[in-house]
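J.: Give me coordinates for this.
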Amino acid sequence: MYIRNTTKIPKGKAYTHYLLVESVPPPQGPRQRTICSLGRLAPGPLEQWHALARKVEASLAGQLSLASQAPPLAPMVEEARTGPRPPVDQHEPLDPERIALEEAREAGPVHVGHQMWHPLGLKTMLRRAGLSEWACLLSEVMTLHRLLCPLSEHATPDWLRRTAIGDIRGTEFSTLTEDALYRTLDTLHPHREQIERDLAAREPQLCQLDETIYLYDLTSTSCEGQVVRNRQAKRGYSRDKRFDGQQVLVGLVLDRDGFPQAHELVAGHRQDRSTVQEMLERLKKRIGPPPDATVVVDRGLAYEENLAQSRAQGLHYMVAGRQAERDAWLAELATDDWEEVVRPPAPRNAQQRKSRVQLKRRQQGHEVYVLCLRAGREETDRAIRQTHEHRLLEDLEALRRRSATGQLKDTAQLHQGIGRLQERHPRVARYYRITYDAAQKRLAWHEETGKKAIAEPLDGSYVLKTDRQELAAEEIWRTYTLLTRVEAACRAMQSPLMERPLCPHLQRRTETHIFLCILAYHLLVAIEKKFLDQRTPTSWWSLRQQLSTHQVVTVVLPTSNGHLGKIRKGTTPEPTHRAI
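T.: Below is the predicted model of the structure:
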């Protein structure tokens with residue numbers, strides 16, 4: 001069945017009529033039979049005629065749409081029913097050899113993501129921000145694309161046509177191009193902050209979240225191409241080992257339950273410690289944390305200026321002490337007044353073993369230190385140190401060969417090479433004294449046995465520091481271990497949401513691409529939180545695999561008399577699907 005237009009020119013004036021026709025197979029060969037005349041009003045753009053005719057054909061066969069029928073489909077169906085179409089015998093025998101299934105589309109994961117989109121109130125937030133209905137729809141499908149099959153915006157239209165999202169939303173995406181998606185990115189860009197603020201206010205009401213702990217960490221995201229129109233794309237330390245190109249840094253703040261509270265993109269060459277003040281100001285501007293809130297960061301952000309910035313914002317801090325602070329407590333490791341704490345396995349990983357940690361609480365001035373000694377960690381720390389030490393010695397030997405063969409003749413360049421090695425291997429470079437004799441052009445290094453003797457007893461230990469003086473050692477330690485959630489969020493941004501690499505070359509589209517990844521992570525953590533609240537901990541990856549077998553298909557039912565019926569239906573949910 002399809003739509004055809006005919007034009008007649010009586011007395012020099014052209015009249016165009018539109019007909020709904022179908023192909024019939026009589027004995028003398030294929031013929032066209034007119035179902036009804038649609039009059040002079042065009043049924044829509046030419047590229048949509050085929051899809052529109054298919055919908056009319058499905059409706060005549062008794063199929064119910066997953067969404068309400070929108071004009072002009074309903075009048076066309078009614079006209080076709082009352083037109084000169086010969087009635088079909090309801091008892092016509094089916095031809096079993098020709099029964100087929102067509103257009104199978106994955107529906108289960110899409111349905112779950114769509115159902116979580118509405119409780120979070122994202123459509124209302126987008127409409128409040130001034131986005132049109134079509135822009136809201138494209139924002140949703142691009143977010144679901146990040147959640148379900150993260151590829152570039154260029155690949156999104158093909159993905160939409162491979163899933164049942166069109167059936168669920170009652171929208172035809174056959175003519176959608178990536179240009180419309182890029183325009184939506186531009187439309188969404190100025191409203192990111194307001195939407196993130198609305199989400200931070202909505203989620204505590206929905207999931208009863210704890211708003212007293214904030215976890216902060218950074219990750220890097222590599223860029224494809226030259227990206228000359230993105231001022232934030234710079235070369236820097238790459239966490240995904242992509243030193244061949246430019247990158248941006250993504251700072252992410254989570255609450256105690258793992259829900260994102262704020263995020264920001266900064267230039268890829270920035271030091272981690274230089275981003276804390278900026279993120280604290282953004283956190284205060286977006287959500288206004290309560291006065292007694294605590295910011296938790298790892299040792300890479302635990303510099304004194306960062307702690308002073310937290311105090312200036314009226315926030316408490318909890319950090320891992322740096323190497324020098326840990327060395328100062330060496331004598332305490334030999335005493336016996338340890339408190340043992342058992343850490344149960346993570347709810348989502350029942351196979352994980354329990355871990356035992358020994359804690360010791362000490363106070364100096366307005367700060368509380370907690371010494372932590374983890375059983376079984378000594379061998380791991382020792383192996384890590386030996387690996388880094390082996391790499392440093394290999395690099396030093398390579399630098400000495402370059403100097404000996406005359407490849408490095410300039411003394412300043414050789415000292416720069418030494419500095420780069422010390423920067424590349426900070427964990428073990430302090431255990432060696434590296435010297436260069438310019439007169440004899442001789443590079444040498446000597447092991448600092450005293451410093452190394454101090455480090456060895458510290459294997460398996462670390463120090464936590466906080467200004468929360470009312471907390472016990474165990475509570476401080478358990479709060480700090482929540483930092484693994486923001487680390488898990490950064491890993492989720494990389495996989496399964498796959499924010500990297502960045503394909504957009506414009507800075508505003510890069511920022512909106514990351515924002516869509518943040519929205520997808522909101523959906524991911526909200527779905528997992530629902531299951532965790534029901535005492536059924538699981539991961540989104542596992543849910544997606546289980547739901548992938550639930551699909552929507554078109555059942556083709558040809559009869560022996562040449563008629564054809566098509567029904568668009570979802571497969572019967574399996575018990576696992578029903579439980580989810």
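
J.: Can you pull out the low-pLDDT segments for this protein?
T.: Applying pLDDT under 70 to the chain flags the ranges 26-30, 40-43, 47-48, 50, 57-92, 344-354, 493-502.

J.: Show me it divided up by domain.
T.: As assigned by automatic domain parsing, the chain contains the domains 1-87, 209-377+460-505, 378-458.

J.: just the helices in the stretch 201-350 of the chain please.
T.: Under the criterion DSSP state H, counting those that start in this stretch, the stretch 201-350 of the chain contains helices at 276-287, 304-312, 323-327.

J.: Which among these is found nearest to residue 577?
T.: Evaluated over those, closeness to residue 577 peaks at helix 276-287, with 36.3 Å, by Cβ to Cβ. Backbone N, C-alpha and C define where each C-beta goes, glycine included.

J.: ok, back up a step: tell me which of the helices of the stretch 201-350 of the chain is the most buried.
T.: Across the helices of the stretch 201-350 of the chain, averaging neighbours per residue (mean count of other Cβ atoms under 10 Å) puts helix 276-287 on top, at a mean of 19.

J.: for it, packing partners?
T.: Helix 276-287 sits against helix 192-207, strand 213-222, strand 247-255, strand 260-267, helix 304-312, with contacts defined as 3 or more Cβ pairs under 8 Å, 6 or more residues apart in numbering; DSSP states H and E.

J.: Quickly run through the sheet partners of the one helix or strand residue 463 maps to, with directions.
T.: Here residue 463, judged by DSSP states H and E, is contained in strand 461-466. Applying DSSP bridges, strand 461-466 is found paired with strand 316-320 (antiparallel), strand 367-374 (antiparallel).

J.: Other residues contacting it?
T.: By Cβ atoms under 8 Å, 6 or more residues apart in numbering, the list of residues contacting strand 461-466 from outside reads 294, 302, 316-321, 325-326, 329, 333, 367-374, 377, 476-477, 480.

J.: That one: how far from the chain's middle?
T.: 31 Å (Cα atoms, centre = their mean, to the nearest Å).

J.: Could you point out the helix or strand that follows it?
T.: Once the chain leaves strand 461-466, the next helix or strand it forms, by DSSP H and E, is helix 473-481.

J.: chain center to that following helix, what's the gap?
T.: With Cα atoms, centre = their mean, you get 28 Å for helix 473-481.

J.: go on, stretch 570-580?
T.: With Cα atoms, centre = their mean, you get 26 Å for stretch 570-580.

J.: So which bits of it are buried?
T.: Residues of stretch 570-580 classed as buried: 570, 573, 577, 580 (neighbour count, 16 or more other Cβ atoms under 10 Å).

J.: Which of those lies at the shortest distance from residue 439?
T.: The closest of the buried residues of stretch 570-580 to residue 439 turns out to be residue 580 (Cβ to Cβ; 74.6 Å).

J.: didn't that closest one look like it was pressed against residue 545?
T.: No. The criterion here is Cβ atoms under 8 Å, and residue 580 misses it with residue 545 at 11.2 Å.

J.: Identify the contacts common to the two.
T.: Joint contacts of residue 580 and residue 545 (Cβ under 8 Å, 6+ apart) do not exist.

J.: picking that back up, reformat the helices of the stretch 201-350 of the chain as JSON lines; add distance to residue 436.
T.: Listed next are these as JSON lines, based on distance: least, Cβ to Cβ, whole Å:
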{"stretch": "helix 276-287", "distance to residue 436": "36"}
{"stretch": "helix 304-312", "distance to residue 436": "33"}
{"stretch": "helix 323-327", "distance to residue 436": "26"}
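
J.: mind checking which of those is nearest residue 358?
T.: Using Cβ to Cβ, the helices of the stretch 201-350 of the chain put helix 323-327 closest to residue 358, at 14.9 Å.

J.: Give me the contact list for the closest one.
T.: By Cβ under 8 Å, 6+ apart, the surrounding residues in contact with helix 323-327 are 369, 454-455, 458, 461-463, 465.

J.: Pick the most buried one from the strands paired with strand 461-466.
T.: By mean neighbour count, with neighbours taken as mean count of other Cβ under 10 Å, strand 316-320 ranks first of these at a mean of 23.

J.: Give me the residues contacting that one.
T.: For strand 316-320, the external contacting residues (Cβ under 8 Å, 6+ apart) are 292-299, 301-302, 306-307, 310-311, 462-468, 476, 479-480.

J.: rerun that using 6 Å as the cut-off
T.: For strand 316-320, the surrounding residues in contact (Cβ atoms under 6 Å, 6 or more residues apart in numbering) are 294-299, 302, 307, 310, 462, 464-468, 479-480.

J.: nearest residue to residue 380 other than its sequence neighbours?
T.: Distances taken as Cβ to Cβ, 6 or more residues apart in numbering put residue 460 closest to residue 380, at 7.6 Å, once the chain neighbours are dropped.

J.: ok, that neighbour - contacts?
T.: Shown in contact with residue 460 (Cβ under 6 Å, 6+ apart): 373-374, 377-378, 381.

J.: could you dump those residues to CSV with distance to residue 553?
T.: Formatted as CSV, the contacts of residue 460 follow (distance: Cβ to Cβ, whole Å):
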residue, distance to residue 553
373, 59
374, 53
377, 53
378, 58
381, 55
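
J.: Find the nearest non-adjacent residue to residue 192, please.
T.: Once flanking residues are discounted, residue 192 sits nearest to residue 515: 4.8 Å by Cβ to Cβ, 6+ apart.

J.: dump the residue contacts of residue 558.
T.: 95, 98, 564.

J.: tally of neighbours for the first one?
T.: Read it as residue 95. Neighbours of residue 95 under the rule other Cβ atoms under 10 Å: 15.

J.: Is it in contact with residue 560, as I believe?
T.: Yes. If you go by Cβ atoms under 6 Å, residue 95 and residue 560 touch, sitting 5.2 Å apart.

J.: so is residue 44 in a helix, a strand, or just coil?
T.: coil (DSSP: H, G, I helix; E, B strand; the rest coil).

J.: That one: neighbour count?
T.: The number of residues packed near residue 44 is 15, by other Cβ under 10 Å.

J.: Sticking with the residue lying closest to it once chain neighbours are set aside, tell me its helix or strand.
T.: Leaving aside its sequence neighbours, residue 44 sits nearest to residue 52 (Cβ to Cβ, 6+ apart; 6.1 Å). Remark: residue 52 resides in helix 49-60, with elements defined by DSSP H and E.

J.: just to revisit the earlier point, deepest of the helices and strands packed on helix 276-287, which one?
T.: By mean neighbour count, with neighbours taken as mean count of other Cβ under 10 Å, strand 247-255 ranks first of the helices and strands packed on helix 276-287 at a mean of 25.

J.: How far off centre is that strand?
T.: Between the centre of strand 247-255 and the centre of its chain there are 12 Å (Cα atoms, centre = their mean).

J.: Now it - C-alpha only, PDB.
T.: Below are the C-alpha coordinates for strand 247-255, written out as PDB (Å, rounded to 0.1, in the frame of the first residue of the first chain):
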ATOM      1  CA  GLN A 247      41.900  16.600  25.600                       C
ATOM      2  CA  VAL A 248      39.600  18.300  28.000                       C
ATOM      3  CA  LEU A 249      39.200  17.700  31.700                       C
ATOM      4  CA  VAL A 250      35.800  16.900  33.200                       C
ATOM      5  CA  GLY A 251      35.200  17.600  36.900                       C
ATOM      6  CA  LEU A 252      32.400  15.800  38.600                       C
ATOM      7  CA  VAL A 253      30.700  16.200  42.000                       C
ATOM      8  CA  LEU A 254      28.500  13.400  43.300                       C
ATOM      9  CA  ASP A 255      26.500  13.100  46.500                       C
END
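
J.: Can you name every helix or strand that it contacts?
T.: Counting by 3 or more Cβ pairs under 6 Å, 6 or more residues apart in numbering; DSSP states H and E, the packing neighbours recorded for strand 247-255 are strand 213-222, strand 260-267, helix 483-494.
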